[in-house]
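this is the structure alone, sequence omitted:
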């Protein structure tokens, strides 16, 4: 049993950390903060991305492994790095898992170079948690499939140049058995995007319309009609949230710093026993969320990944993020209402935007209820 | 455990004066469990904190009623940590062999596990120290042969200065030990009031340096806290397993109750509590075994695991319905234990105070 990283992994983390500290200052940092204050979940900066690609860090999961890739994600999450990595890692994992050798050779380098960026086209207006009910159709026609339908709530839909789309290729079989996965170029004729503004974070969220969109057969990922099973198998990896583990670590540090520096009635807030207790409680939860998520990473690299590990990791992490938001509002009091830009706003208005975004945390990528179903049925073996 | 420690025995022993079975104690001595973490030259088998955690995990699952924690981990490790070579030779092999029972007389009516709260006084008088004070919630003191008594010998600048550990023979005149009636008296949940009135302890029975007792004691408390956490983890896992099994079998409205989402989500939450406790506890145990500094991780483990065990046992009763509330059903044993252990070696609020310090507040 071991609860630590190897020396080489620690060195990698340090290198990434140094790089981020060096890069994320001045104009770039200001730009990131401004984008975030506009509700952009993950601002992307092409020059910064180029540097990260040169380091080989976007492709760490292929070149060195999932653990190393996760270390990059944690640091990227901690620093709020303006580079797309999250859904790209997911797309890469699906292709690695079920793609052909030709597809791996073709797509993985493009994911590692930042050339392909990805949004997930699972959800539809009439199907959310029940993904298998997807109604979008894909019909073979020569060397292509023709896709028609609508997708909903695509995080990064406005910015990504590709989408992983689940579509129905067979209507004659039970719903789980007639679905397929496609990597669709969003620049294809017939793809229409409409911005779908959310209450918080997600200025890049869209709904997608497919009208006779032609997709090369090469872009069918995994076997035809096996899409649901391939998706379910890789959902395990999709639900690892190491980037957000880093974000939580950063938020805790900021809040600890804030209460030490902020005086009320001539005494720093950090001496208030109630505040100390709240922050200690959050710190313990953050540690548990970190352990849950790294357990998933560890299990994945051992080829294990019991499905409930990642559901538990996601659900607990996201609910903890909501509690961190609530705690931060209690610490800042009425100042927590202020958005970025006011001379009165604290911590750059980040508490306001986090709190406003937080209801979405337990919806995106599977609701807490669905995650609890998975834990109960697959983790504990409870009956349907 | 499964063979030797059915819950009928747990109930029987909880009602007994001794609170444990000397016969079982001999058997676990033979298995090497009493010397699990002692070096081989003191009759032990040189295991580490992870081995100890595994043992406690299983003891917790089986509700194994014994004075192992006070004897081996609190008492034995205090001697191991700071005793003289002679003291180690004299005590550790006999503890490992099952011949001696010990306890740690630490907490007082203030019920705090901090140096500030030590009011019991030891005053030098010739070749002896004379000890006066009241200790409250001393585990298994009623059957202990020796107490490691934590007393104040000087008033230093910091509260931890001037604390000394004394090895005290419980047959010494002036000791009055009264077992307390509490919510759980299973194994080391059995607590006592111990009053010292002019109790003489030879100077040679000081453990470690005069006025230097707190530092080694803090290490012992870390070790014991992790063991206790592991015991809670085992108990929590046991009641979760019981709940899952019961809910698969119990039928209501024509379906197993485990198919209802209201119960499924409750049990999913229980697994989050238990897995979190498991990870925090074994992380702390691993760090102890590696000799890494881990005050934060130990405090996190105790704060979380105490709450987890309490909540999980309460949920287990809810899932079992009225049946789970019957005294003869084991859920009630775990429920009572969880509350007792929540406060043993510091409650969650105490440990969150440590966490607050450790994160820089």
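All right, it came through fine. Just so it is clear, the structure is predicted and the values come from calculations on it, not from any experiment.

list the buried residues for stretch A:240-256?
Using 16 or more other C-beta atoms under 10 Å in any protein chain shown as the test for burial, stretch A:240-256 gives A:240-249, A:251-252, A:255-256. C-beta coordinates here come from the backbone N, C-alpha and C atoms, glycine included.

show me chain B divided up by domain.
If you go by automatic domain parsing, the domain ranges for chain B are B:7-100, B:103-209, B:215-358.

coming back round to it: in TSV, list the buried residues of stretch A:240-256 along with secondary structure.
Formatted as TSV, the buried residues of stretch A:240-256 follow (DSSP: H, G, I helix; E, B strand; the rest coil):
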residue	secondary structure
A:240	coil
A:241	coil
A:242	helix
A:243	helix
A:244	helix
A:245	helix
A:246	helix
A:247	helix
A:248	helix
A:249	helix
A:251	helix
A:252	helix
A:255	helix
A:256	helix
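
what's the farthest-apart pair in the residues you listed?
Across those, the longest distance by C-beta to C-beta is 26.3 Å; it joins A:240 and A:256.

residue 321: how many residues sit nearby?
Assuming you mean chain A. By other C-beta atoms under 10 Å in any protein chain shown, the residues close to residue A:321 number 24.

actually chain B
Neighbour number of residue B:321 under other C-beta under 10 Å is 12.

ok, and the closest non-adjacent residue to it?
Once flanking residues are discounted, residue B:321 sits nearest to residue B:250: 8.0 Å by C-beta to C-beta, 6 or more residues apart in numbering or on different chains.

most packed of the domains of chain B?
Highest mean neighbour count among those (mean count of other C-beta atoms under 10 Å in any protein chain shown): domain B:215-358, with a mean of 21.

can you tell me the closest non-neighbouring residue to residue 102?
Chain wasn't specified; assuming chain A. In space, and not counting its chain neighbours, residue A:102 is closest to residue A:218: 7.5 Å by C-beta to C-beta, 6+ apart.

let me rephrase: I mean chain B.
What sits nearest to residue B:102 in space, not counting adjacent residues and going by C-beta to C-beta, 6+ apart, is residue B:75, at 2.8 Å.

need phi/psi at residue 46.
Here I'm looking at chain A. With angles defined as degrees, to the nearest 10, residue A:46 sits at phi -60, psi -40.

correction: the question concerned chain B.
Dihedral pair for residue B:46: phi 60, psi 40, per degrees, to the nearest 10.

give the contact list for it.
B:37, B:38, B:39, B:40 (C-beta atoms under 8 Å, 6 or more residues apart in numbering or on different chains).

nearest to residue A:155, of these?
Closest to residue A:155, out of all of the contacts of residue B:46 and judged by C-beta to C-beta, is residue B:37, at 50.8 Å.

which residues touch the residue nearest to residue A:219 when sequence neighbours are not counted?
Once flanking residues are discounted, residue A:219 sits nearest to residue A:183: 4.6 Å by C-beta to C-beta, 6+ apart. Going by C-beta under 8 Å, 6+ apart, residue A:183 touches A:91, A:95, A:107, A:162, A:163, A:164, A:165, A:215, A:219, A:221.

most surrounded residue in the residues you listed?
Ranked by neighbour count (other C-beta under 10 Å), the contacts of residue A:183 have residue A:165 at the top, with 30 neighbours.

for it, give the beta-bridge partners.
Per DSSP bridges, the residues bridged to residue A:165 are residue A:121, residue A:182.

and it, how far is that from residue A:221?
Counting by C-beta to C-beta, to the nearest Å, the gap from residue A:165 to residue A:221 is 10 Å.

got any residues that touch both of these two?
What both residue A:165 and residue A:221 touch, as defined by C-beta under 8 Å, 6+ apart, is the set A:181, A:182, A:183.

so which residue of the stretch 101-250 of chain A comes closest to chain B?
Closest contact between the stretch 101-250 of chain A and chain B, by C-beta to the nearest C-beta, is at residue A:249 (10.7 Å).

mind giving me the packing neighbours of the helix or strand hosting residue B:225?
In this structure, residue B:225 sits in helix B:214-249 according to DSSP states H and E. Contact here means 3 or more C-beta pairs under 8 Å, 6 or more residues apart in numbering or on different chains; DSSP states H and E; on that basis helix B:214-249 packs against helix B:49-62, helix B:77-82, strand B:163-169, strand B:255-256, helix B:261-290, helix B:295-320, helix B:331-343.

ok, the fifth one near chain A or not?
Yes. Legend: contact between helix B:261-290 and chain A by C-beta under 8 Å from any C-beta of the partner chain is shown at B:261, B:263-265, B:267-269, B:271-272, B:275-276, B:279-280, B:282-283, B:286-287.

returning to what we had before: mind listing what the residue nearest to residue B:102 touches?
Here residue B:75 is in contact with B:95, B:102, B:103, B:104, B:144, B:146, B:147, B:148 (C-beta under 8 Å, 6+ apart).

and which of those residues is nearest residue A:188?
Closest to residue A:188 out of the contacts of residue B:75 is residue B:104 (72.6 Å), distances taken as C-beta to C-beta.

and that closest one, helix, strand or coil?
Quick answer, by three-state DSSP: residue B:104 is strand.

up against chain B, what does the stretch 151-300 of chain A have?
With C-beta under 8 Å from any C-beta as the criterion, the stretch 151-300 of chain A meets chain B at residues A:252, A:256, A:259-260, A:270, A:276-277, A:279-281, A:283-284, A:287-288, A:291-292, A:295.
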